[in-house]
Every structure is written in C-alpha cells, then in structure tokens.
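> kindly generate the corresponding structure for this input.
(2 chains)
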Amino acid sequence: MLDFSIGSAAFGALLLIMPLLMNIKKEWRQYIFVVVNIIVFVLTLKSVYAGILAVLWIVTPYLVAPLLVQESEHSISRFIKPLFYVCMLVGFLYLMHYDWIIIFKKLPYFAALKFLGLSYLLFREVDYTMQYEYLKEMEVRITFVDYLNYVLNFYTIMAGPIMRYEEFVTDFYEEKAPLSGEDVLEQAHRILYGYVKVYVISSFMSWFATYWFGRIDQAGNFLKACIIYLLFAAFNALFIYFNFVGYCDVVAGGAALAGMKLRENFNKPYMARSMSEFWNRHHITLSEWIRDYIYSPVVKQFISGPFKKNLFAGQCAALFVTFLIAGIWHGTNLNYVVYGILEGIGVVIASVRKSKLQKKYGKKGYKEYEKKLPVAIFEHVWTMLYVALSFSFVGYDVIGFLAGKV
Amino acid sequence: MYNLFKKAPLLVKLLWLSLELAIVLYAIFVGTTTTVLYQGF
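Below you'll find the model as predicted:
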C-alpha cells in the first residue's frame, strides 16, 4: 500500500511531475489527470475488497444522480433520494468506525475495507448529487471522466479544500495564460513554506502541546492545572492551525503549478472576533459545505416545524446541530462529540450576543460599539480562548484524562 | 512572508527557496515525527 501523505516520496514526485504531464497536450489534460488520479487511488488501497467497495462508493452517486432529479415524476423515486443519502451516511459511519456508536461495536469491522479520502469523497459526492439538476440547467460539462477527476483529485482527496463540481470543472477547462518564471517561483515558495509550516512550525507546537499535556497531572493545585491546561490548549490550537494551513499551501501551490486553482481555505482565522467569524475564516470550504448541506435543510425543517413561533431560536438550534455534526465528523471518539457541542455552543453564543447588541444599540450603534478598543480586545481574547479550549479535544484524549481523575 | 518573497530579487528568491528546501528535507527525513492532521480521512 502506497504512503501518500504530503511528506511521502510519491506525493513529492507527483508535485514535480504533474505540471509537466498536464502540459503535454491541452486536449489530453483530463485523461492524463484521471489516469494519475486512478493510479494513486488504486495504489493506496488496502485490499481488493476495499477496491470493490470504493468502485461502488464512487460510481453509484454518478449513476444515481439523474434518478434523484426525477423524484416528482415517479412515485417510487420519491423514496430513492432519502434512501440514497441514508445508505451513504450509514456506510460512512460504519467505515469510519465510530467507537461510541454501540451498534457498530456489535458488528464485525474490517479495517481493510477503508479507503483513502472517505470523508472528502462523501463531501464531493453529496455536492455532485445535490447540484446535479442545477448543473444540467446551467449546462455545466458533465462526463464520467470529469466526475472522476472531481471526486478523485489527488491534490484534494486527503483533506480538501472541498471544491464544488461546478467550480472545479469551470476552472479545469478555463483558458489560462502559461505560468511565468516568477509565478513558478512563487508557487514553489508556497509549497516549501507550506512544508515548513507542517514539518517545522506545527511540529514544534505539537511538541510543546504534548509537553504541557503531560504536565497537567503534576500541577499540584487546581489553579496551576488550569494555567498548564491553557498552555497545552494554546499550543495545540496553533499546531492544528499550522498543520492544516501548511497542508493547504502545499496542495494549492502544487495544483497551481499544474494549472488548477484550488479554493483558499483560510483567511487569518485568529483575527476573528467571534466564533461565527472564526468559522468563516477557518476551514472555509468545510464551513460553506456544512452551511449549504446541513444548516440550510435543518433550519428549513426547524422553522417550519418545532420553531415556527420563534425563528431566531430555530436558527440557533440549527446552528448547534450543524456544528455538533461537523464536530462528530472530525473524529471517531467521544472527544469529538464534546468538541462539536462546544463549537455549537460557541457559535450560538456569538449569534445571541450579536442579536442582543443589535437590538440594544440598533444596527448603526452596534457598528460604533464594535469599533471600541476594549470591546475589540475582549472579543479577540474570548474567541481565542474559546477556540483553544474547544480545539483541545482534537487530537488528545482529554475525556480519557479527565475520566482517570474522577 | 509572501509579499516579502514577491519583492525580493531573483538571486535572493533562489537562495530563499534553497534554504526552505534544505529545512524541509531535514525536517521530513531527520528531525520530525509530526503527524499530518486530517489526512487519510
């Protein structure tokens, strides 16, 4: 099985080779790219069974998408849509092997069935099937080769950014001026600086986080333990940031050299002044995906059902549910459930606070209030603290640690 | 950092990239055991 992390020789070689391969002949680009994507994907498979399952997982949405559009014409097809998404969700939960879902513990689990990029494949497949009708209407190019390139794109299969089918295809076939020498150097710098962020800066942050996490036990008193926990949480948050932003720089730079533009996934998240703003700046493509495919349908259900009389409460409840699901997606143990709950609470608090302040000062007055320096400092500090504390459940078994103390 | 690189003369850019490459290769092959988050999801 091929190691295809960004630090692997295989990934490094592809970063160098792809710009050359993609420029052999313009008409061949999509075929060259699909061959490379399939080879990479096949080489990372753990077993033949994983290959069979992966073919089903990838091809089924392509075949099913046209049937999902016809739901109003056929009575049976009305059930296809929910059935399809439920099957995908159950398959995903089983393959990810969530250790707190009791029913999966009773079923035999075959780790060899899991394949590369399961989460991100799901995101793209949901986008493709949900947008299929719109894509047809807009006459966006849809072929099996383009679909495969979209879902299997080796630059983004591991961890995003989560492109949308329309923007991927539009960008792929867009006429672009050839890269100048300056452009090549800039992208090379982006790639190498991305690697520095991942393997040097985030590595240091990880070391410090682990160091402080191991010292919480020896704090002696509660106050000292809290300070050490904060230090651990701060370094862990920085580790997550540099690790992920570095990865995104590497893949974005690599794709740019091969003539593809990836979406930017970060916009100075630590400048955010609320949790809502933080999620508009951090892992932006995930935030937009969950907004479109989780928040929107959930809020629609909530405000037309249980929250009919209180729309704002419905919006807050939908926000909480959305971030809880996003948190659970991040990992398979209970720490990620707590992480999701904390993110949900954080975003709801930010929305309620904004709404109350706008009611109190009016929209214009609220803007003036936001300009005050003490307010800005308070909001920054609160947001950073909250992010660090909620992110401390990512990557470390904090629940296990706390359970050992009780 | 990106703006600084953009404005630098060509020779400085090449030196800069060489230094980054050396650091990265050292970090990957010798210096670090960092796991890359999210990957393999």
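
> shaky segments in the stretch 151-300 of chain A?
Within the stretch 151-300 of chain A, not a single segment meets pLDDT under 70.

> how about the residues of it by chain B?
A:158-160, A:185-186, A:188-190, A:192-193, A:195-196, A:198-200, A:202-203, A:206, A:240, A:243-244, A:247 (C-beta under 8 Å from any C-beta of the partner chain). Using the backbone N, CA and C atoms, a C-beta is placed for each residue, glycine as well.

> filter these down to the buried ones, ChimeraX style.
The ChimeraX selection below is limited to those of those classed as buried (16 or more other C-beta atoms under 10 Å in any protein chain shown):
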select /A:158,159,160,185,186,188,189,190,192,193,195,196,198,199,200,202,203,206,240,243,244,247
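
> restricted to helices, list the residues of the stretch 151-300 of chain A next to chain B.
A:185-186, A:188-190, A:192-193, A:195-196, A:202-203, A:206, A:240, A:243-244, A:247 (DSSP state H).

> and the worst-scoring helix or strand of chain B on mean pLDDT, is it in reach of chain A?
When the helices and strands of chain B are scored by mean pLDDT, DSSP states H and E, helix B:2-7 comes last with a mean of 86. Yes. With C-beta under 8 Å from any C-beta as the criterion, chain A is reached by helix B:2-7 at B:2, B:5-6.

> can you pull out the helices in chain B?
Under DSSP H, chain B gives helices at B:2-7, B:10-26.

> what's the shortest one packed up against?
Secondary structure elements in contact with helix B:2-7, counted by 3 or more C-beta pairs under 8 Å, 6 or more residues apart in numbering or on different chains; DSSP states H and E, are helix A:181-196.

> all strands of the stretch 101-250 of chain A, in order?
Assigned strands in the stretch 101-250 of chain A: none (criterion: DSSP state E, counting those that start in this stretch).

> and stretch B:18-31, what's its mean pLDDT?
Averaging pLDDT along stretch B:18-31 yields 89.

> right, is that stretch up against chain A?
Yes. Remark: stretch B:18-31 sits within contact range of chain A at B:20-21, B:23-24, B:27-28, B:31, by C-beta under 8 Å from any C-beta.

> what's the offset of that stretch from the middle of its chain?
Centroid displacement of stretch B:18-31 relative to its chain, using C-alpha atoms, centre = their mean, to the nearest Å, is 7 Å.

> could you pull out the buried residues of that stretch?
Neighbour counts over stretch B:18-31 (16+ other C-beta under 10 Å) mark B:20, B:23-24, B:27-28 as buried.

> a markdown table for these, including distance to residue A:360?
Listed next are the buried residues of stretch B:18-31 as a markdown table, based on distance: C-beta to C-beta, whole Å:
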| residue | distance to residue A:360 |
| --- | --- |
| B:20 | 50 |
| B:23 | 52 |
| B:24 | 52 |
| B:27 | 51 |
| B:28 | 53 |
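
> take the helices of chain B and write them to TSV, including distance to residue A:325.
As requested, the helices of chain B are exported to TSV (distance: least, C-beta to C-beta, whole Å):
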stretch	distance to residue A:325
helix B:2-7	34
helix B:10-26	36
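
> of all those, which one is nearest residue A:218?
Taking C-beta to C-beta, helix B:10-26 is the member of the helices of chain B nearest to residue A:218, at 33.0 Å.

> how far off helix A:181-196 does the closest one point, in degrees?
30 degrees (axes from the mean of the first three to the mean of the last three C-alpha atoms, to 10 degrees).

> per-residue pLDDT, the nearest residue to residue A:343 once chain neighbours are set aside?
Distances taken as C-beta to C-beta, 6 or more residues apart in numbering or on different chains put residue A:323 closest to residue A:343, at 4.2 Å, once the chain neighbours are dropped. Residue A:323 carries a pLDDT score of 96 in this model.

> residue A:323 contacts residue A:339, doesn't it?
No. With contact defined as C-beta atoms under 8 Å, residue A:323 does not count as touching residue A:339 (9.3 Å).

> of the two, which one has the most company?
residue A:323 (27 against 24; other C-beta atoms under 10 Å in any protein chain shown).

> quick one: residues contacting that one.
A:279, A:290, A:340, A:343-344, A:346-347 (C-beta atoms under 8 Å, 6 or more residues apart in numbering or on different chains).

> make it 7 Å
A:340, A:343-344, A:347 (C-beta atoms under 7 Å, 6 or more residues apart in numbering or on different chains).

> take those and lay them out in CSV including pLDDT.
What follows is the contacts of residue A:323, written out as CSV (pLDDT from 0 to 100):
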residue, pLDDT
A:340, 96
A:343, 96
A:344, 97
A:347, 97
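
> what's the helix or strand for the residue nearest to residue A:343?
helix A:311-330 (DSSP states H and E).

> same check, this time on residue A:88
Element membership for residue A:88, per DSSP H and E: helix A:77-96.

> what's the angle between that helix and helix A:311-330?
Helix A:77-96 and helix A:311-330 are oriented at 50 degrees to each other (the same axes, to 10 degrees).

> can I get helix A:77-96 as PDB, trimmed to CA atoms?
This file holds the C-alpha atoms of helix A:77-96, laid out as PDB (Å, rounded to 0.1, in the frame of the first residue of the first chain):
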ATOM      1  CA  SER A  77     -38.200   7.700  -6.900                       C
ATOM      2  CA  ARG A  78     -39.600   9.900  -4.100                       C
ATOM      3  CA  PHE A  79     -38.000   7.300  -1.800                       C
ATOM      4  CA  ILE A  80     -34.800   7.000  -3.700                       C
ATOM      5  CA  LYS A  81     -33.300  10.300  -2.500                       C
ATOM      6  CA  PRO A  82     -33.600   9.800   1.300                       C
ATOM      7  CA  LEU A  83     -32.700   6.100   0.900                       C
ATOM      8  CA  PHE A  84     -29.600   7.000  -1.100                       C
ATOM      9  CA  TYR A  85     -28.400   9.600   1.500                       C
ATOM     10  CA  VAL A  86     -29.200   7.300   4.400                       C
ATOM     11  CA  CYS A  87     -27.200   4.400   2.800                       C
ATOM     12  CA  MET A  88     -24.300   6.700   2.200                       C
ATOM     13  CA  LEU A  89     -24.400   8.000   5.800                       C
ATOM     14  CA  VAL A  90     -24.600   4.500   7.300                       C
ATOM     15  CA  GLY A  91     -21.800   3.300   5.100                       C
ATOM     16  CA  PHE A  92     -19.700   6.200   6.000                       C
ATOM     17  CA  LEU A  93     -20.300   5.800   9.800                       C
ATOM     18  CA  TYR A  94     -19.500   2.100   9.500                       C
ATOM     19  CA  LEU A  95     -16.300   2.500   7.500                       C
ATOM     20  CA  MET A  96     -15.100   5.400   9.800                       C
END
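
> this completes my enquiry, with thanks.
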